[in-house]
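Undergrad: Below is the structure, and that's it, no one-letter string:
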């Protein structure tokens with residue numbers, strides 16, 4: 001009921017500004033509303049507009065709640081900007097969080113057509129479904145880990161789906177290089193993130209997100225009451241002498257005016273999304289608004305010579321100080337005003353300690369709907385921040401985010417140690433110039449490229465206009481002549497791994513694909529860290545191809561194609577086999593997803609580019625005629641064109 005009453009109207013509105021909430025924090029936390037503003041100490045329950053910056057000091061951390069239920073948490077020495085935080089005329093909410101340094105956790109689940117994106121130096125992450133993501137930003141690299149759910153990772157080198165338990169790392173200085181891990185390195189701050197989720201009583205799961213944005217605070221600090229006149233109301237557990245808009249202070253914000261920053265822990269929704277009423281027997285209750293628009297604080301104002309005062313407007317009251325009949329607000333009559341000193345142009349109005357309350361509150365005062373604003377320097381509008389270096393393949397058009405490089409001074413002397421990453425699954429990097437010293441427990445062996453284990457294509461699916469070509473004769477003929485060896489030998493993790501790999505190769509040659517797949521799973525479990533990551537991915541493709549599981553073939557080959565395949569394997573014929581498997585199995589998927597189409601298109605493009613390199617006279621096997629060699633190339637060219645045409649639709 002609370003969700004429907006307070007938050008469902010938000011989706012029906014078009015245009016109202018959105019504001020995030022500063023929640024719990026420890027240590028030194030600062031915020032900056034605009035690029036031209038100075039940094040100020042963070043205050044719990046203060047609103048953050050679009051383009052606001054948040055930064056934490058050593059040993060500090062902060063929690064930020066967004067209006068659609070997402071939560072941002074920054075660890076020590078971290079900086080973030082709410083770069084895009086808008087609502088389109090269609091009602092769609094667009095959110096872009098830009099990270100410059102440190103560690104951050106983001107839990108979110110965009111609804112409907114809402115867009116929720118994270119930008120880090122070198123990459124972006126989109127939330128197509130509920131997820132909790134951790135980002136780490138150091139001077140040389142950015143790392144993204146999916147703790148729950150799933151997210152879409154985009155960088156110049158790759159565009160892929162990240163699932164729960166997976167992570168990736170990019171280096172902005174090397175845009176063609178990225179790392180993919182099937183595990184996540186734990187951090188000490190992970191437990192804090194999990195504890196905060198539990199405290200909000202609405203942990204993010206892979207299924208849904210419960211809207212929070214201050215509701216959890218209300219459940220703990222008061223009770224909900226139903227009435228025939230007002231509907232659902234909330235009553236705080238406070239002393240009888242308590243009054244709203246008394247514990248806290250006003251701070252000026254451009255676009256809002258003087259905005260109430262409540263001192264009560266629960267003081268967010270009741271002061272910005274509805275009004276207060278004093279009811280007989282119940283005392284003060286909060287009546288939620290029906291439109292869900294953020295307000296700086298719905299109060300009346302009065303101003304004397306050197307003081308100002310305010311009090312809550314009644315629900316439904318349309319008060320106008322120019323009205324000669326009803327000059328006084330309804331609830332002013334019961335003496336609910338709070339007083340504070342008045343200094344023109346002051347950005348803060350604080351009632352703390354003010355005792356010079358006039359005996360006659362109506363003598364020499366004027367009622368106002370708002371206080372005069374501090375002066376505004378138009379030159380502040382020129383202040384901008386540089387664009388963030390978060391180039392991507394898919395979401396580049398929406399990267400109008402900014403960094404805070406000009407708003408801080410980074411200590412160059414402070415060391416930035418990089419944590420030791422887990423074993424990478426995809427790593428685009430040239431082989432080392434020198435080999436490490438041999439380990440006595442590791443056996444050094446050359447790596448055979450098993451082009452000999454090629455499996456014929458399966459029958460076409462009904463949707464295919466033409467049946468996929470049979471394996472080109474060039475690939476079949478090359479199965480013995482292209483058993484080349486890597487110039488940089490890889491090493492088995494002992495004789496047990498060596499025996500297991502040899503067994504898998506024999507099973508693939510014998511077409512025992514299910515047994516090969518089971519042994520491949522054993523290989524992953526027993527030897528997660530192996531030099532043969534790329535080979536293992538290719539063996540999986542062969543096994544699943546033989547089992548007629550096209551989706552699994554494409555999933556297994558995705559890391560190899562993203563590198564691309566020519567980087568994963570030095571032998572071009574081996575890379576050609578990977579691309580052939582990916583494209584032919586894509587033809588067997590009746591309803592491919594957008595990700596599968598993008599993967600197949602990338603494989604087809606690589607396939608086209610490789611044909612002139614692979615099909616040369618020098619590479620033609622002796623057992624093949626020149627005509628068969630040319631026909632094989634023609635078949636592969638036709639296959640690549642068909643995939644590119646299909647995925648272009």
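TA: Good, I have the coordinates. Not measured: the values here are computed from a predicted model.
Undergrad: Setting aside sequence neighbours, what's the nearest residue to residue 357?
TA: Leaving aside its sequence neighbours, residue 357 sits nearest to residue 339 (CB to CB, 6 or more residues apart in numbering; 5.1 Å). C-beta: built from backbone N, CA, C; applies to glycine.
Undergrad: meant to ask about residue 361
TA: residue 337 (6.6 Å).
Undergrad: Give me the pLDDT for the one you found.
TA: At residue 337, the model reports a pLDDT of 90.
Undergrad: That one: how many residues sit nearby?
TA: 22 (other CB atoms under 10 Å).
Undergrad: how near is it to residue 343?
TA: The gap separating residue 337 from residue 343 is 19 Å, by CB to CB, to the nearest Å.
Undergrad: can you check residue 225 too?
TA: Residue 225 is 40 Å from residue 343, by CB to CB.
Undergrad: Who has more neighbours out of these two?
TA: residue 225 (14 against 11).
Undergrad: Go ahead and confirm that one touches residue 234.
TA: Yes - with contact defined as CB atoms under 8 Å, residue 225 and residue 234 form a contacting pair (7.4 Å).
Undergrad: Return every residue with contacts to both of these two.
TA: residue 285 (CB atoms under 8 Å, 6 or more residues apart in numbering).
Undergrad: mind listing the strands for the stretch 151-300 of the chain?
TA: For the stretch 151-300 of the chain, the strands defined by DSSP state E, counting those that start in this stretch cover 158-163, 167-170, 178-181, 222-227, 231-236, 248-253, 257-262, 274-279, 283-288, 299-303.
Undergrad: And the contacts of the next helix or strand after the last one?
TA: Using DSSP states H and E, the helix or strand that follows strand 299-303 towards the C-terminus is strand 307-312. Taking CB under 8 Å, 6+ apart as the criterion, the residues outside strand 307-312 that touch it are 244-245, 275-276, 298-303, 329, 331-332, 336-342, 349, 354, 356, 358, 361, 365, 371.
Undergrad: Tell me which strands strand 307-312 pairs with, and in which orientation.
TA: strand 299-303 (antiparallel), strand 338-341 (antiparallel) (DSSP bridges).
Undergrad: Identify each buried residue in the shortest one, please.
TA: What it means is strand 338-341. 338-340 (16 or more other CB atoms under 10 Å).
Undergrad: for the biggest helix by length in the chain, the distance to its chain's centre please.
TA: Counting residues, the longest helix found in the chain (DSSP state H) is helix 626-648. In terms of CA atoms, centre = their mean, to the nearest Å, the centre of helix 626-648 is set 39 Å apart from its chain centre.
Undergrad: Please apply the same query to stretch 280-290.
TA: For stretch 280-290 - counting by CA atoms, centre = their mean - the centre lies 38 Å from the chain centre.
Undergrad: how long is that stretch end to end?
TA: Stretch 280-290 stretches 23 Å from its first residue to its last (CA to CA, to the nearest Å).
Undergrad: Let me see the residues that make contact with that stretch.
TA: 5-6, 9, 225, 230, 232-236, 238, 240, 242-244, 269-270, 273-279, 295, 315.
Undergrad: For the buried ones among those residues, write the corresponding ChimeraX selection.
TA: The buried residues among those can be selected in ChimeraX (16+ other CB under 10 Å) with this line:
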select :5,6,230,232,233,234,235,236,243,244,269,270,273,274,275,276,277,278,295,315
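Undergrad: And the pLDDT for residue 469?
TA: At residue 469, the pLDDT value in this model is 40.
Undergrad: Revised request: answer the last question for residue 141.
TA: The per-residue pLDDT of residue 141 was computed as 92.
Undergrad: what residue ranges in this structure score low on pLDDT?
TA: For the chain, the stretches with pLDDT under 70 are 1-15, 200-212, 334, 377, 379-489, 623, 649.
Undergrad: According to the record, where do the domains of it fall?
TA: 14-199, 215-368, 430-648 (automatic domain parsing).
Undergrad: Report how many residues lie close to the residue lying closest to residue 111 once chain neighbours are set aside.
TA: Once flanking residues are discounted, residue 111 sits nearest to residue 68: 6.8 Å by CB to CB, 6+ apart. Residue 68 is flanked by 21 other residues according to other CB under 10 Å.
Undergrad: Also the one 4 residues further on?
TA: Residue 72 is surrounded by 24 other residues when neighbours are defined as other CB under 10 Å.
Undergrad: The one 3 residues further on now?
TA: Applying other CB under 10 Å, we find 22 other residues in the vicinity of residue 75.
Undergrad: partner residues bridging the closest residue to it other than its chain neighbours?
TA: Excluding the flanking residues, the one nearest residue 75 by CB to CB, 6+ apart is residue 103, at 3.7 Å. With DSSP bridges as the criterion, residue 103 is bridged to residue 136.
Undergrad: ok, so what distance separates residue 103 from residue 192?
TA: 10 Å.
Undergrad: and for the two, which residues touch both?
TA: Counting by CB under 8 Å, 6+ apart, the residues touching both residue 103 and residue 192 are residue 75.
Undergrad: okay, these two: which has more neighbours?
TA: residue 103 (24 against 16).
Undergrad: Return the distance of that one relative to residue 346.
TA: 37 Å.
Undergrad: Show me what counts as buried in stretch 69-87.
TA: Neighbour-count burial for stretch 69-87 [16+ other CB under 10 Å]: 69-85, 87.
Undergrad: my bad, stretch 264-272
TA: 264, 266-272.
Undergrad: so of those residues, which ones are in helices?
TA: Those of these lying in helices (DSSP H): 269-272.
Undergrad: can you give me the helices for the stretch 501-649 of the chain?
TA: 513-526, 533-546, 550-562, 565-568, 572-586, 594-614, 626-648 (DSSP state H, counting those that start in this stretch).
Undergrad: How far does stretch 170-184 sit from its chain's centre?
TA: Relative to its chain's centre, stretch 170-184 lies at 16 Å (CA atoms, centre = their mean).
Undergrad: what comes up buried for it?
TA: 170-172, 177-182, 184.
Undergrad: For the residues you listed, which two are the farthest from each other?
TA: Farthest apart among the buried residues of stretch 170-184 by CB to CB are 172 and 182. That separation is 23.5 Å.
Undergrad: Would you agree residue 604 is in contact with residue 645?
TA: No - Residue 604 lies out of contact with residue 645 (CB under 8 Å); the separation is 9.3 Å.
Undergrad: Which one's more surrounded, these two?
TA: Using other CB under 10 Å, the more surrounded residue of residue 604 and residue 645 is residue 604, with 24 against 11.
Undergrad: Can you tell me how far that one is from residue 154?
TA: Using CB to CB, one gets 20 Å for the distance from residue 604 to residue 154.
Undergrad: same check, this time on residue 584
TA: 27 Å.
Undergrad: Give the other helices and strands that the longest helix of the chain contacts.
TA: In this structure, helix 626-648 packs against helix 473-481, helix 572-586, helix 594-614, with contacts taken as 3 or more CB pairs under 8 Å, 6 or more residues apart in numbering; DSSP states H and E.
Undergrad: Export those helices as a markdown table, with columns for distance to residue 287.
TA: Listed next are these as a markdown table, based on distance: least, CB to CB, whole Å:
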| stretch | distance to residue 287 |
| --- | --- |
| helix 473-481 | 73 |
| helix 572-586 | 57 |
| helix 594-614 | 45 |
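Undergrad: Can you say which of those helices is nearest to residue 516?
TA: Using CB to CB, the helices and strands packed on helix 626-648 put helix 572-586 closest to residue 516, at 14.5 Å.
Undergrad: From the contact counts, what lies against that closest one?
TA: Looks like helix 572-586 contacts helix 473-481, helix 533-546, helix 550-562, helix 565-568, helix 594-614, helix 626-648 (3+ CB pairs under 8 Å, 6+ apart).
Undergrad: Would you mind giving those helices as a markdown table with distance to residue 41 added?
TA: What follows is those, written out as a markdown table (distance: least, CB to CB, whole Å):
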| stretch | distance to residue 41 |
| --- | --- |
| helix 473-481 | 67 |
| helix 533-546 | 48 |
| helix 550-562 | 44 |
| helix 565-568 | 49 |
| helix 594-614 | 44 |
| helix 626-648 | 53 |
